[in-house]
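Trainee: sequence and predicted structure below; questions after.
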Amino acid sequence: SKSNELVLKNRKIESIASLNLRNLRRLDLSENRLSDLKGLKQCSFLTFLVLKGNDLTDDSIGPLKHLTRLKTLNLSHNKLGKISSKVIPKLCDLNALVLNDNEIKLVTNLGTLKRLNTLVLSNNAIKSLAKSGVDELTALTKLSASHNRLTEMPDLKKCASLKEIRLAHNRIERMPQWIGGSMNLKIFDLGNNLLND
């Protein structure tokens, strides 16, 4: 592996005390037992971080707020219950945020992520995206929030770059009016909802 990339998958790692590798740009710590990320705060040049399949909670992801150069962050398959207001909004360079298969009920504070093009929230317990800030993400090209508890679609009329919306397996009852606008959608999946014909 290159000196700017480190892959430590499936090693039963529980915490990182200190990882002071200034050249590190890409780090994959997926499928471990991580519940503590304090040692990552020195890795301020990281642009790509995969923490999929660990034991991370809302409290344990705090040190990620120091990683302001991150472009891709994958926190899927963890134990997150919300999108932390102290962490995620500080990561303004994010292009991709992957949060599927957590226990997320509340989504807020996404409006600062002006460069975000991919947002994956599937397989959580989200009831609404109304106050999530997702409507301010003008660079967004892909939104996936299938398998949640959404009762309505967020207002995405400002998200003119959207190519893909996946909202299957929710509780959405109505098609929003903005959907017929100037959207360039390639994929729009609303299967298995409560839509009236």
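Mentor: All right, it came through fine.

Trainee: please count neighbours and contacts with C-alpha atoms only from this point.
Mentor: Will do.

Trainee: list the buried residues of the helix or strand bottoming out on mean pLDDT in the chain.
Mentor: Ranking every helix and strand in the chain by mean pLDDT, DSSP states H and E puts strand 187-189 at the bottom, with a mean of 93. Of all the residues in strand 187-189, those buried under the rule 16 or more other C-alpha atoms under 10 Å are F188.

Trainee: please apply the same query to stretch 123-133.
Mentor: For stretch 123-133, by 16+ other C-alpha under 10 Å, it's N123, N124, A125, I126, K127, S128, L129, S132, G133.

Trainee: what lies in contact with that stretch?
Mentor: 100-112, 145-155 (C-alpha atoms under 8 Å, 6 or more residues apart in numbering).

Trainee: so, low pLDDT: which residues of the protein?
Mentor: The chain contains residues with pLDDT under 70 at 1-2, 181-182, 197.

Trainee: where do the strands sit along this protein?
Mentor: Ranges of strands within the chain are 5-7, 26-28, 48-50, 72-74, 96-98, 118-120, 142-144, 164-166, 187-189, based on DSSP state E.

Trainee: present the ones you listed as a markdown table; the columns should include distance to S85.
Mentor: Shown next, in a markdown table, are the strands of the chain (distance: least, C-alpha to C-alpha, whole Å):
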| stretch | distance to S85 |
| --- | --- |
| strand 5-7 | 28 |
| strand 26-28 | 23 |
| strand 48-50 | 19 |
| strand 72-74 | 16 |
| strand 96-98 | 15 |
| strand 118-120 | 16 |
| strand 142-144 | 20 |
| strand 164-166 | 25 |
| strand 187-189 | 29 |
